[in-house]
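Novice: fold the following for me, if possible:
(2 chains)
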Amino acid sequence: MDFNAENSYLNTKGRIFDIQRYSIHDGHGIRTIVFLKGCVLRCRWCCNPESQEYAIQTMMVQGKPKTIGEDITVGEVMETVLKDRQYYRRSGGGGLTLSGGESLCQPEFARDLLHAAKSAGITTAMESMACARYEVIESVLPYLDQYLMDIKHMNPAKHKEFCGRSNELMLENARKVAASGMTELSIRVPVIPTFNDTPEEIKDIAQFADKLPGVKRIHLLPYHRLGQDKYDGLGRDYLMRGILPPTNEHMQMLKKLVTENTNLECIIGG
Amino acid sequence: MAKYYVNEIAKTDRITRLVANLYAKMPEIESARAKLITESYRETEGQPIVMRRALAFSHILKGLPIIIRDEELIVGSTTLAPRGCQTYPEFSYEWLEAEFDTVEHREADPFYISEETKADLRKVDPYWKGKTSSELATAYMSKEALTAIDHNIFTPGNYFYNGVGHICVHYDKVLEIGYKGIMEEAAKDLSECKLGDADYARRSCFLKAVIISCQAVIDYAHRYAALATEMAAKTSDSNRKDELAKIAANCSRVPENGANGFYEACQSFWFVQQLMQIESSGHSISPGRFDQYMFPYYKKDLDNGKITRDYAQELLDCIWVKLNDLNKCRDAASAKGFAGYSLFQNLIVGGQTTDGLDATNDLSFMCINASKHVFLPMPSLSIRVWNGSPHELLVRAADLTRTGIGLPAYYNDEIMIPSLMNRGLSLEEARDYCIIGCVEPQIGGKTDGWHDAAFFNMCRPLELVFSSGVDKGEQISVKTKRVEDMTSYDEFFDAYKQQMNYNISLLVNADNAIDVAHGTLCPLPFESCMVENCMENGLCVEQGGAKYNFTGPQGFGIANVANALYAIKVLVFDEKKFTMSELKNALIMNYGKGIDEAGATDIAIDVISEMKAQGRTVTEADVAPVIQSILKMELPEEEKKRYDDILNMILAQPKFGNDIPEVDEFAREAAYTYTKPLETYKNPRGGIFQAGLYPVSANVPLGAQTGATPDGRLAHMPVADGVSPMSGTDVNGPTAACNSVAKLDHGIASNGTLFNMKFHPSALSGEKGLDDFVALVRSFFDQKGMHMQFNVVSRETLLDAQKHPENYQHLVVRVAGYSALFTTLSRSLQDDIIRRTEQTSDQ
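Specialist: Just a heads-up that it's a prediction; the model follows:
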């Protein structure tokens, strides 16, 4: 790929807050995750609270202020992404993953990143809640190999209470993306005690996912507290303080439940 | 049908019990060998040294107490106590006498020593005064080299005080023709020696020594046969009676004869492995390509229905246990450098055949299994990886890696083979390489590699640049230009190269002195009869008899030097953020972060030599108060702040290990300052020097002897290990670290490089985790990286880090892509991470 060429999509600018290489829990093979800044939701357990605001922020990290957020072109991001081309190839289909925040909050940037990756011959994936107009999603689909879609809850009211927005649009988009047949869709469920970790709640999501055409896999992602210190760093209150991660036994029980009630392959973790 | 059997074979209860018995108590020092060798040496004074060595070996094997431990199937023990060790006064002995009262309580590798043993050793040790290889080496060494050793520029301690070891012999030959066959070869060669031959004296004597040594080994095995027979008669347990009868039959046949079947091959292998360590006190005596030379015996028995896979696995497991029965007591300082009672018996599986096909077989898998079953440090299991390595073998290796045992180490054929050919091996030989000790490649049965010849601390010459070659008040190295007067980065780098070159020449001087001492006083005829071309040459390995001869001292601290050079270039010369003079003071004052007693002593010596230079009389009594006043000295706030700023500016610079080409280029150059000059030197055995880039665990104790460095490393902290990035500075993840490390020129470091990576077990969880891990290894190797080993952080480590955070300041854990310094996390997060170590295989 020639970064000096006039491929206009390489010049598209966007705002990211991190690039994480050797990511092996989000999509096929070894991947590089680009984290786009800005989110429509405000999930209480969010482990990347610095992703939520689009604005560039300062967060205290290990006692030192750190600027969160950087404006960067697609071409510049790709320079880092392509440093690991060898690893993508050797791991059988690794590549670029977009995450956030909600990548769809920066639709052109997201689309052009995926476009650039495909042009460079590496695979693409996107972690997203599908919380955008369907036309926006439709614009990225031609460049997207794998859609890792979060579904957090089937109950609109509870979704709104814990995530700041209701879930109808997302569920509708899930149906549309599945129907399009343009990408490999899998569903991911963060398992959050006090929010959605009961057998009924998980079963509801799994049965919804099972009905989506083409969806073969569901991931149950156990809640973790690794983002907790970031709330302090941003001077924010962590509303989930005191909530313990689900036990391994509980996760196994949920996995069994999903497997028994659906035709989906159920995986604990990414 | 599959090419090889990949299923995991179960472990038997016998193995669990053998391991438990082996570790029931602290290892012990025994005196039998010291007494026997002294008796023999007293009798043989005046005879040719190679003959004295053979006669002593024979006398030792006749008199050494023997024991068959409970339930053993493979027998042969060097000491009565499990994991005990003998002593080797012909190399050195004074350090042990000095440590008689502390060796049991020291922190690294303690040994129990009884009062009787102490008395025995005190009786025989005086005989060795003035007769040891270490004393002769000292006599041969230049004053300058001795000074450099005193000042911790490098330490050749390994062979200075011990045997050389570090070899892989022709196990295959012993398995095939037995020592009887080797004796016949020697006898034939002897009969062909003509009385008028120029080398008659030397060669005939060597061949006679070989015959004596081989006979000694045969007789030793027969002692075991007799003991087994006697024990069989006494036991009432009919199972054990049968086992002992079989042991007796084995020991009466091998290693005298060629092995008839797999069990005999296992027993024969073991006697070779054990007895080489009795002949000399060397470590890293490495079995090499065990899966290759054992395979014909296994295959034949399996095909004929003589053994089952389960039984073969149990025998392998028994050998693995025995490899941990051998032990060695080192002096306290060396013990820290080699911590973990390790004998570095490296055993490698996989790779290619001499004609370039994949060499994987059933035993390659079963060896990995054995390490999982026995779960002990020995053997140092290694795996050869090439473009054609089967995925299932690497996945099995990865599965062992994720247990946290630190095994296997992964080696890349695709760089090793050309690298060895560059040193003169043929293509077939290079394809047949194995690994010695930690990471050192050689062709087994043909090489005296003198691997591990010294630790060279590349940070010390950097310190010498700042002092123009003065250390502790003494001009010990080249007087390079004062750093305050330097006007360009090139001037600084030139001075570093001068300091390196001079000290490398001293390292060579020291190694060659020790080399000559070994050849003169401690030739090893038994070892040499299994190494080409000693018989033809009529010379022991130690005298240059082997086909290939190298000396491989290892440098370390590349990452520190690279980061330091980069910071100096950018901050001092390009951006002029501070001056050389400021940096020099910052280093002396440890960036204002406090000075310990060692640092204060250094400064005091400088102060006092200045006082002397001014013509003042200074006595011993004046030193202590100067040290005290330095320790108590409070830096002015302003100065302290300036040092702090300098340190922060340095720390903010990009570091090696983050896939930043400009910085990585400095690491390449730093490595070349060691590897390139070294390969121009020759050793007394007719070979050349070749660099290794690895530290074993010496980066910690030798770092403790190194002041603050311009990469922001504080005084006396560990230096970087091997070719790895400086601990805690690689923040872009494993692929970035791999890409940086791969940018070094590994091929020139043909004595081996060492790249250590740390992982949290969750990074290897599930099948996908293993697949991705294998892909990581392959991708690093695609870029011509040479070696990788992995430290998968165990639950125990993390619990210990919670208890003793001060010991784990650099412990990075990476959970699901989230990296953090473990000790900086809150307690509850630490608990989460510990909990996650238990969920590895399930996700």
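Novice: list the buried residues of the lengthiest helix in chain B.
Specialist: Counting residues, the longest helix in chain B under DSSP state H turns out to be helix B:200-234. Neighbour-count burial for helix B:200-234, with 16 or more other Cβ atoms under 10 Å in any protein chain shown as criterion, is recorded at B:202-218, B:220-221, B:224-225, B:227-229, B:231-232. Yep, even glycine has a C-beta here, placed from its N, CA and C like the rest.
Novice: how far does that helix sit from its chain's centre?
Specialist: Distance of helix B:200-234 from the chain centroid (Cα atoms, centre = their mean, to the nearest Å) equals 30 Å.
Novice: other SSEs contacting that helix?
Specialist: helix B:49-63, helix B:171-192, helix B:238-253, helix B:262-279, helix B:525-528, helix B:534-537 (3 or more Cβ pairs under 8 Å, 6 or more residues apart in numbering or on different chains; DSSP states H and E).
Novice: how about the backbone phi and psi for the residue of the stretch 1-150 of chain A found nearest chain B?
Specialist: Nearest to chain B in the stretch 1-150 of chain A, going by Cβ to the nearest Cβ, is A:S91, at a distance of 3.6 Å. Backbone torsions for A:S91, taken as degrees, to the nearest 10, come to phi -90, psi 10.
Novice: quick check: it touching B:F773?
Specialist: No - at 9.4 Å, A:S91 does not count as touching B:F773 under the criterion of Cβ atoms under 8 Å.
Novice: quick one: mean pLDDT for the longest helix of chain B?
Specialist: Mean per-residue pLDDT for helix B:200-234: 98.
Novice: and the angle for that helix with helix B:238-253?
Specialist: Angle of helix B:200-234 versus helix B:238-253, following axes from the mean of the first three to the mean of the last three Cα atoms, to 10 degrees, is 160 degrees.
Novice: point out where chain B drops to low pLDDT.
Specialist: Residue ranges of chain B with pLDDT under 70: B:1-2, B:337-339, B:809-821, B:824, B:828, B:836-843.
Novice: what residue spans form the domains of it?
Specialist: When chain B is parsed with automatic domain parsing, its domains come out as B:1-25+B:291-327+B:345-436+B:760-781, B:454-521+B:555-759, B:793-843.
Novice: JSON lines for those, including mean neighbour count?
Specialist: Shown next, in JSON lines, are these (neighbours: other Cβ atoms under 10 Å in any protein chain shown):
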{"stretch": "domain B:1-25+B:291-327+B:345-436+B:760-781", "mean neighbour count": "20"}
{"stretch": "domain B:454-521+B:555-759", "mean neighbour count": "20"}
{"stretch": "domain B:793-843", "mean neighbour count": "17"}
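Novice: now mean neighbour count and distance to B:E116 too, for the helices and strands packed on helix B:200-234, in CSV please.
Specialist: Converted to CSV, the helices and strands packed on helix B:200-234 look like this (neighbours: other Cβ atoms under 10 Å in any protein chain shown; distance: least, Cβ to Cβ, whole Å):
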stretch, mean neighbour count, distance to B:E116
helix B:49-63, 22, 17
helix B:171-192, 18, 34
helix B:238-253, 18, 29
helix B:262-279, 24, 21
helix B:525-528, 28, 29
helix B:534-537, 20, 39
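Novice: ok, back up a step: and of the domains of chain B, who's closest to A:S99?
Specialist: Evaluated over the domains of chain B, closeness to A:S99 peaks at domain B:793-843, with 10.2 Å, by Cβ to Cβ.
Novice: residues touching A:D229, list them.
Specialist: When contacts are counted by Cβ atoms under 8 Å, 6 or more residues apart in numbering or on different chains, A:D229 touches B:825-826, B:829.
Novice: return the helix or strand encompassing it as PDB; C-alpha atoms alone will do.
Specialist: Using DSSP states H and E, A:D229 sits within helix A:228-233. What follows is helix A:228-233, C-alpha atoms only, in PDB (Å, rounded to 0.1, in the frame of the first residue of the first chain):
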ATOM      1  CA  GLN A 228     -11.700   1.000  37.900                       C
ATOM      2  CA  ASP A 229      -8.500   3.000  38.500                       C
ATOM      3  CA  LYS A 230      -9.300   5.000  35.300                       C
ATOM      4  CA  TYR A 231     -12.400   6.500  36.900                       C
ATOM      5  CA  ASP A 232     -10.200   7.900  39.700                       C
ATOM      6  CA  GLY A 233      -7.800   9.100  37.100                       C
END
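Novice: quick one: buried residues of that helix?
Specialist: Quick answer for helix A:228-233 (16+ other Cβ under 10 Å): A:228-231, A:233.
Novice: check which element follows it along the chain.
Specialist: Downstream of helix A:228-233 (by DSSP H and E), the next one is helix A:248-261.
Novice: right, and the helix or strand after that next one?
Specialist: Immediately after helix A:248-261, counting by DSSP H and E, sits strand A:265-268.
Novice: would that following strand count as contacting chain B?
Specialist: Yes - Strand A:265-268 is in contact with chain B by Cβ under 8 Å from any Cβ of the partner chain, via A:267-268.
Novice: now do that strand: which elements does it pack against?
Specialist: In terms of contacts (3+ Cβ pairs under 8 Å, 6+ apart), strand A:265-268 is packed against strand A:217-222, helix A:248-261.
Novice: what residues does the stretch 101-250 of chain A put near chain B?
Specialist: Residues of the stretch 101-250 of chain A lying near chain B (Cβ under 8 Å from any Cβ): A:224-226, A:228-229, A:245, A:248.
Novice: for these, point out the one with the lowest pLDDT.
Specialist: Ranked by pLDDT, those bottom out at A:L226 (78).
Novice: check the secondary structure at it for me.
Specialist: coil (DSSP: H, G, I helix; E, B strand; the rest coil).
Novice: re the thing from before, can you put the domains of chain B in CSV and add distance to A:M78?
Specialist: Shown next, in CSV, are these (distance: least, Cβ to Cβ, whole Å):
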stretch, distance to A:M78
domain B:1-25+B:291-327+B:345-436+B:760-781, 19
domain B:454-521+B:555-759, 15
domain B:793-843, 20
